[in-house]
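Sharing a model that was predicted from the sequence below.
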Amino acid sequence: PAWQPFLFSTVAPTMAAPFTNPFGVARTMLQNQSTKHKLFTGALDYFRKGFALEGWTALERGIAPVLMREASMNLFRIGLYQPCLDQIHDVKVDGKDAPISKRMAAGAVAGAIGAIACNPFEILRVRQQVQPIQTNSNNVLSTRKVYSDIMKEEGFKTLYRATGTSVVLGMVCTAVNMSTYTIFRERAHHGFGFKDGVAVDVGCALASGFLSALAMNPIDVVRTRMISDRSSPPKFRNGLHAARVLLEKEGPSAFMKGFVPSFLRIGPHFVITFMVLEQLRRVAHKYNSGKAERECYEGIFRLMDADGSGDISREELRDALFEAWPTLDIGDAMKLKEEREKVLKLEEEIFTMADTDNSGTIDLDEFLSAAKSKHLDKLLKGQQLLAIFRSFDLDGSGAIDEGELYEALRRIRHPCTGKDGQGDTDASFLGSPADIQLRADVSQIMRTVDKDGDGEIEFTEFASAVGELDNLMQKRFLEDMLQGSGVASG
């Protein structure tokens with residue numbers, strides 16, 4: 001479902017925020033202090049002094065706006081990354097994974113949108129976290145009080161102060177984070193052979209977090225100075241002006257202030273975020289796969305239930321087996337007899353195993369219960385292949401020619417290229433790179449599957465050639481067929 005990635009993108013980082021916020025508070029404090037007047041020598045020094053005066057409040061300052069920031073930012077930052085990448089890179093057409101340049105471009109767009117969405121919460125966070133340490137934690141201004149003071153003294157526009165810098169930061173963060181994280185995962189799985197699991201999630205997230213922190217820190221220092229500035233008029237005209245002033249007064253090292261607590265926040269934050277995110281994705285995939293598998297079996301059941309009675313009789317089961325058995329049209333009478341005997345034997349095995357109430361028919365519940373049995377494997381595969389074949393045999397002739405294959409694949413891969421999404425191919429699509437790639441795929445498929453060279457693919461050829469579709473282009477073709485057949489692959 002389309003909503004799942006966005007929900008997971010919001011939940012995962014929000015769950016991580018309370019664990020990593022103390023390092024975020026320390027980072028903000030260190031970035032905001034002047035080089036000449038240091039109150040804290042480092043993150044540990046802030047933890048020690050802050051905890052001594054305020055207790056746990058000093059470590060979880062600004063947690064409310066932090067949670068709201070994480071939810072609003074990552075709804076777009078992570079949630080929109082893949083949709084943005086899909087707009088500029090089509091694996092089916094390009095035949096390979098997206099290059100890092102496209103990944104970074106997609107990350108930059110998603111990060112910019114996320115930064116705009118969360119900027120008001122970021123203002124509230126910084127204002128809460130840069131308050132001087134109090135001897136009584138009750139004196140620390142609440143999120144509501146900070147918001148009220150901003151609206152009364154500075155106005156609504158303050159909530160979007162430093163938006164330009166925040167957008168740049170969001171673009172850099174997401175471009176580096178999402179591109180490196182996805183590349184590291186792909187290399188771990190395909191390059192080094194690591195199995196999908198928590199270890200890969202943690203390692204890739206931590207490495208990506210380090211690179212992200214390194215790229216973000218200079219921009220984050222500038223933004224923190226701009227947001228914490230309460231003077232009127234503001235000290236800095238824009239981010240570039242703030243960076244120049246910072247460079248002149250405090251030197252290049254000022255831009256790496258707070259890097260250690262920044263990484264100590266970002267590293268674990270990304271680890272928890274992506275670990276939770278991947279676990280949510282795995283659970284969802286398992287659930288969605290189970291649901292799709294059931295829908296697949298129900299679809300096959302309906303196809304086999306020729307009279308629509310809601311039950312499969314022996315005759316209907318036998319007809320389904322004969323129809324989808326790929327070797328029943330051979331010319332050798334002896335082999336044909338052997339194949340027919342195999343079908344009848346399988347029919348008996350299936351009925352004996354599936355007809356649990358001995359009613360003489362198989363109802364839907366009995367069919368679903370038996371669907372995972374090895375006895376049904378051949379039946380289910382045959383019915384799936386038959387459904388795929390029929391979806392491509394547009395004229396119902398019992399064979400697929402090159403024109404039918406092209407048209408069927410075009411409707412699946414590029415549904416908007418026909419008139420009103422269907423019918424004849426739009427003239428603007430003809431001759432395009434996607435059209436050229438599609439025609440090349442169709443030609444290669446015909447050469448691979450059409451064993452007798454008569455220019456058509458019969459069901460026997462199709463069924464026997466499916467196992468040979470093992471390269472990238474051919475796998476893509478098979479996935480397209482499963483999508484377009486009306487019967488899910490499960």
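That came through fine. Numbers count the residues shown, from 1 in each chain.

is it true that residue 382 touches residue 321?
Yes. The pair residue 382 and residue 321 qualifies as a contact (CB atoms under 8 Å) at a distance of 7.3 Å. Where you see a C-beta, it was placed from the backbone N, CA and C, and this is true even at glycine.

and residue 173, what helix or strand is that in?
Assigned by DSSP states H and E, residue 173 falls within helix 163-186.

Return the list of helices and strands in contact with that helix.
helix 63-77, helix 100-129, helix 198-228, helix 239-250, helix 259-304 (3 or more CB pairs under 8 Å, 6 or more residues apart in numbering; DSSP states H and E).

what angle do the fourth one and helix 163-186 make?
If I follow you right, that is helix 239-250. Using axes from the mean of the first three to the mean of the last three CA atoms, to 10 degrees, the direction of helix 239-250 lies 90 degrees away from that of helix 163-186.

One more: the first one?
Relative orientation of helix 63-77 with respect to helix 163-186: 60 degrees, computed using the same axes, to 10 degrees.

Report the buried residues of the very next helix or strand once past helix 63-77.
With elements assigned by DSSP H and E, the helix or strand that comes after helix 63-77 is helix 81-88. Of the residues in helix 81-88, 81, 84, 85 count as buried by neighbour count, 16 or more other CB atoms under 10 Å.

just to revisit the earlier point, got a markdown table for the helices and strands packed on helix 163-186, with mean neighbour count and distance to residue 368 too?
Shown next, in a markdown table, are those (neighbours: other CB atoms under 10 Å; distance: least, CB to CB, whole Å):
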| stretch | mean neighbour count | distance to residue 368 |
| --- | --- | --- |
| helix 63-77 | 23 | 37 |
| helix 100-129 | 23 | 40 |
| helix 198-228 | 21 | 33 |
| helix 239-250 | 16 | 60 |
| helix 259-304 | 18 | 6 |
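
Take these and write them to JSON lines, including mean pLDDT and distance to residue 444.
Formatted as JSON lines, these follow (pLDDT from 0 to 100; distance: least, CB to CB, whole Å):
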{"stretch": "helix 63-77", "mean pLDDT": "95", "distance to residue 444": "40"}
{"stretch": "helix 100-129", "mean pLDDT": "94", "distance to residue 444": "26"}
{"stretch": "helix 198-228", "mean pLDDT": "92", "distance to residue 444": "34"}
{"stretch": "helix 239-250", "mean pLDDT": "90", "distance to residue 444": "52"}
{"stretch": "helix 259-304", "mean pLDDT": "89", "distance to residue 444": "28"}
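
Now distance to residue 179 too, for these, in CSV please.
Shown next, in CSV, are the helices and strands packed on helix 163-186 (distance: least, CB to CB, whole Å):
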stretch, distance to residue 179
helix 63-77, 13
helix 100-129, 4
helix 198-228, 9
helix 239-250, 23
helix 259-304, 13
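
Of those, which is nearest residue 431?
helix 100-129 (24.0 Å; CB to CB).

Give me the distance from that closest one to the chain's centre.
The chain centroid and the centroid of helix 100-129 are separated by 19 Å under CA atoms, centre = their mean, to the nearest Å.

so what secondary structure elements neighbour it?
Using 3+ CB pairs under 8 Å, 6+ apart as the test, helix 100-129 ends up in contact with helix 3-32, helix 63-77, helix 81-88, helix 143-153, helix 163-186, helix 198-228.

Mind listing residues that contact stretch 143-156?
62, 64, 65, 123, 124, 127, 128, 141, 158, 159, 230, 232 (CB atoms under 8 Å, 6 or more residues apart in numbering).

related to what we said a few turns ago, mind putting the helices and strands packed on helix 100-129 into CSV with distance to residue 239?
Shown next, in CSV, are those (distance: least, CB to CB, whole Å):
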stretch, distance to residue 239
helix 3-32, 14
helix 63-77, 19
helix 81-88, 24
helix 143-153, 20
helix 163-186, 4
helix 198-228, 5
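
quick one, which of those is nearest to residue 350?
Residue 350 sits nearest to helix 3-32 of all these, at 35.9 Å, using CB to CB.

and residue 316, how many residues sit next to it?
By the measure other CB atoms under 10 Å, the count of residues near residue 316 is 18.

residues of the helix or strand where it lies that come out buried?
Element membership for residue 316 (DSSP H and E) is helix 314-324. By 16+ other CB under 10 Å, the buried positions in helix 314-324 come out as 316, 317, 318, 320, 321, 324.

List just the nearest of the residues you listed to residue 33.
residue 324 (74.3 Å).

And the pLDDT at that closest one?
Looking at residue 324, its pLDDT is 69.

of the helices and strands packed on helix 100-129, which approaches residue 295 most closely?
helix 3-32 (17.1 Å).

Also compute the angle for the closest one relative to helix 81-88, please.
Using the same axes, to 10 degrees: helix 3-32 against helix 81-88 is 110 degrees.

for helix 3-32, which positions count as buried?
Within helix 3-32, the residues scored as buried using 16+ other CB under 10 Å are 5-6, 8-17, 20-32.

State the distance from residue 37 to residue 337.
To residue 337, residue 37 is 97 Å away according to CB to CB, to the nearest Å.

repeat for residue 402
Here the distance between residue 402 and residue 337 works out to 35 Å (CB to CB).

Those two: which is more packed in?
Remark: of residue 402 and residue 337, residue 402 carries more neighbours, 16 against 10, as counted by other CB under 10 Å.
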